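Undergrad: using only what follows, build the 3D model:
(one chain, ligands or ions: 1)
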Amino acid sequence: MSLDLTASPLPPGSTIGILGGGQLGRMLSQAASRLGFNVVILDPEENSPAGRVSQGQIVAAYDNDTALTVLGQTCQAVTFEFENVPAASVERLLRGGAVVSPDPKALAVAQDRVEEKTFLNAVGAPTVAFTAVDSLDDLIAGLERLGSPALLKTRRDGYDGKGQVWVRSAKMAGDAWAAVGERPAILEARAAFVRELSVIAARGRDGRIAVYPLGENIHKGGVLRTTLAPAVVDPGTDRRAWAIAKAILEGLDYVGVLGVELFDLGTGKLLVNEIAPRVHNTGHWTQDGCVCDQFEQHIRAIAGWPLGPTSAHARVEMTNLLGDEVEQWAKLSGKANARLHLYGKAEARPGRKMGHVNRVKPL
Ligand code: AMP
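TA: Numbers count the residues shown, from 1 in each chain. Sure thing, here's the model as predicted:
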């Protein structure tokens with residue numbers, strides 16, 4: 001959907017469709033429900049975390065024609081909670097007259113790491129140097145150009161550090177190429193960052209932009225453990241992050257909430273690692289640190305409501321509860337200032353995101 005300044009805001013009582021029934025869909029659904037909307041989830045898994053807190057769930061594959069027709073006809077606005085939604089499904093919804101936001105262009109950019117970095121550089125958002133890799137020869141040539149170590153990542157379908165391998169020397173090229181399954185890939189120069197930051201930003205249907213304070217993120221094994229927010233940053237870093245977010249939102253004619261992962265080089269320079277065209281794990285702190293959290297913000301944006309305030313009224317340490325860490329719920333529930341958010345997932349597989357806890361302190 002591109003900007004439509006004439007469309008009136010979606011009234012409470014309308015129905016919002018969400019592609020994807022995981023925890024992000026669940027928290028979006030809860031926020032939508034608070035604003036008086038009905039929500040229908042499309043997810044192939046029965047009884048999904050989002051489906052269980054929504055008015056309905058269509059249990060079908062994301063490319064199921066009938067399911068997409070029903071969703072499009074039932075919902076006055078449709079959005080998604082993950083970026084690997086098949087482009088053809090969104091096209092199908094649009095052909096049927098559905099209002100889908102963010103625009104599918106954001107999906108196309110976020111689904112392919114080469115497209116993503118090319119787009120980012122084109123709008124003036126700096127990234128590491130990179131090269132597309134389609135063969136072992138490309139990889140060897142890329143290593144010569146970018147130096148080693150360099151990081152080889154699959155172009156598509158990578159998340160939480162999956163589908164990527166460090167290449168420490170030209171001798172390792174063959175093994176690295178095999179490790180990514182000899183699939184189309186990207187070779188990235190190493191970012192010598194001192195810390196990882198992220199910025200969560202939103203753009204409304206009227207083109208207005210709202211940006212939350214930065215979060216500082218700590219990853220383990222490629223998975224987010226903790227976000228500290230608002231991050232302690234100098235005003236220059238804040239300004240640069242906000243300018244980057246604005247350039248991306250405008251470049252994509254974006255409507256909704258967007259997550260931007262950043263490398264802080266400690267020299268005053270920020271590089272964009274990747275973008276997520278959706279609400280983002282590093283924005284969960286806003287639930288207990290801001291008057292209007294990222295989930296409500298996304299619903300406001302796609303429903304054509306004015307964006308809500310983004311300033312922080314508290315300092316928050318958000319920690320993901322992975323796998324059986326969720327069993328700490330009883331202990332955590334007794335702690336003052338610890339706010340629990342559990343996703344209602346039955347099976348605590350190792351590493352699975354089961355919930356998070358926001359520890360809230362005064363600013
Ligand atoms: P990604 O799946 O691209 O978000 O990468 C997962 C994690 O790998 C990031 O959060 C960084 O800690 C690290 N990483 C990714 N790309 C680079 C890079 N070019 N240089 C250094 N570290 C990186």
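Undergrad: when you work out contacts or count neighbours from here on, use the C-alpha atoms and nothing else.
TA: OK.
Undergrad: how many residues are close by residue 180?
TA: By other C-alpha atoms under 10 Å, 18 other residues sit near residue 180.
Undergrad: just the pLDDT at it, thanks.
TA: Residue 180 is assigned 94 on the pLDDT scale.
Undergrad: before we move on, what about residue 158?
TA: Residue 158 is given a pLDDT of 72.
Undergrad: can you tell me the SS state at it?
TA: The three-state assignment at residue 158 reads coil, by DSSP: H, G, I helix; E, B strand; the rest coil.
Undergrad: who's the closest residue to it other than its chain neighbours bridged to?
TA: Using C-alpha to C-alpha, 6 or more residues apart in numbering and skipping residues adjacent in sequence, the residue nearest residue 158 is residue 164, 7.6 Å away. Beta bridges link residue 164 to residue 153, judged by DSSP bridges.
Undergrad: measure residue 164 to residue 225 for me?
TA: Here residue 164 is placed at a distance of 19 Å from residue 225 (C-alpha to C-alpha, to the nearest Å).
Undergrad: same check on residue 279?
TA: To residue 225, residue 279 is 17 Å away according to C-alpha to C-alpha.
Undergrad: list the buried residues for the longest helix anywhere in the chain?
TA: Ranked by residue count and defined by DSSP state H, the top helix of the chain is helix 235-251. Taking 16 or more other C-alpha atoms under 10 Å as the basis for neighbour counts, the residues of helix 235-251 that come out buried are 237-238, 240-242, 244-249.
Undergrad: contacts for whichever helix or strand comes after it?
TA: For helix 235-251, the succeeding helix or strand toward the C-terminus, using DSSP states H and E, is strand 256-264. With contact meaning C-alpha atoms under 8 Å, 6 or more residues apart in numbering, strand 256-264 is reached by 101-102, 191, 193-204, 245, 249, 270-280, 282-283, 294, 297-299, 301-302.
Undergrad: run the last query once more with 7 Å
TA: Strand 256-264 is contacted from outside by 101-102, 193-204, 270-280, 294, 297-298, 301-302, using C-alpha atoms under 7 Å, 6 or more residues apart in numbering.
Undergrad: avg pLDDT for that strand?
TA: The average pLDDT for strand 256-264 rounds to 98.
Undergrad: the following helix or strand past it relative to strand 256-264, how many degrees between them?
TA: For strand 256-264, the succeeding helix or strand toward the C-terminus, using DSSP H and E, is strand 270-276. Angular relation of strand 270-276 and strand 256-264 on a 0 to 180 degree scale: 140 degrees, by axes from the mean of the first three to the mean of the last three C-alpha atoms, to 10 degrees.
Undergrad: ok, how many other residues are close to the residue of the stretch 201-350 of the chain found nearest the ligand?
TA: With distances taken as C-alpha to the nearest ligand atom, the stretch 201-350 of the chain approaches the ligand most closely at residue 222, which sits 4.8 Å away. One way to gauge burial is a neighbour count; for residue 222, by other C-alpha under 10 Å, it gives 12.
Undergrad: which SS state does the residue nearest to residue 319 when sequence neighbours are not counted fall under?
TA: Residue nearest to residue 319 in three dimensions, not counting chain neighbours: residue 226, with 4.4 Å by C-alpha to C-alpha, 6+ apart. Here residue 226 is strand, with the state taken from three-state DSSP.
Undergrad: in terms of helices and strands, where is residue 18?
TA: The secondary structure element spanning residue 18 is strand 15-19 (assigned by DSSP H and E).
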